[in-house]
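J.: Pasted the sequence and its predicted model underneath.
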Amino acid sequence: MKELLRTTDPTVIAFAKALLQGEDIAVFELDVHMSILDGSLGILPRRLMVRDQDHFMARTVLTDNDIDPGV
């Protein structure tokens, strides 16, 4: 698995997941429950992971939809 996206914005995570699932790219979200540790302040980023072989296509999908993977 490779990291595709890291952000503290839950709307970007939701949009990215919807785009990737629409392209039949399996996506796994990490650090979902870390908000317990930061007191629900949203300061700890969440990460989206994809399979190694899907990483290039997933980056392309996000970039085409104005989401900067930045990783």
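T.: Received the coordinates, thanks. Numbers count the residues shown, from 1 in each chain.
J.: any idea which helix or strand carries the residue most central in space within the chain?
T.: Taking CA atoms, centre = their mean, the centroid of the chain lies closest to Leu48, which sits 3.1 Å from it. Leu48 is part of strand 46-50, with elements assigned from DSSP states H and E.
J.: elements contacting that strand?
T.: On a contact count with 3 or more CB pairs under 8 Å, 6 or more residues apart in numbering; DSSP states H and E, strand 46-50 meets strand 2-7, helix 10-22, strand 27-30. In this view, the C-beta of every residue, glycine as well, is placed from N, C-alpha and C.
J.: and the first one, what does it pack onto?
T.: Read that as strand 2-7. Judged by 3+ CB pairs under 8 Å, 6+ apart, the packing partners of strand 2-7 are helix 10-22, strand 46-50, helix 55-64.
J.: switch the cut-off to 6 Å
T.: On a contact count with 3 or more CB pairs under 6 Å, 6 or more residues apart in numbering; DSSP states H and E, strand 2-7 meets strand 46-50.
J.: State the mean pLDDT of the strand it packs on.
T.: Across strand 46-50, pLDDT averages out at 93.
J.: Direction included, what does it pair against?
T.: Sheet pairing for strand 46-50, assigned by DSSP bridges, gives strand 2-7 (antiparallel), strand 27-30 (antiparallel).
J.: among the ones you listed, which is nearest Ala16?
T.: Set against Ala16 and scored by CB to CB, these come closest in strand 2-7, at 5.7 Å.
J.: Using PDB, write out every CA atom in that closest one.
T.: Taking C-alpha atoms only, strand 2-7 is exported to PDB below (Å, rounded to 0.1, in the frame of the first residue of the first chain):
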ATOM      1  CA  LYS A   2       1.200   3.500  -0.800                       C
ATOM      2  CA  GLU A   3       0.100   6.800   0.800                       C
ATOM      3  CA  LEU A   4      -1.900   8.900  -1.700                       C
ATOM      4  CA  LEU A   5      -3.200  11.800   0.300                       C
ATOM      5  CA  ARG A   6      -2.700  13.300   3.700                       C
ATOM      6  CA  THR A   7      -5.000  16.100   4.900                       C
END
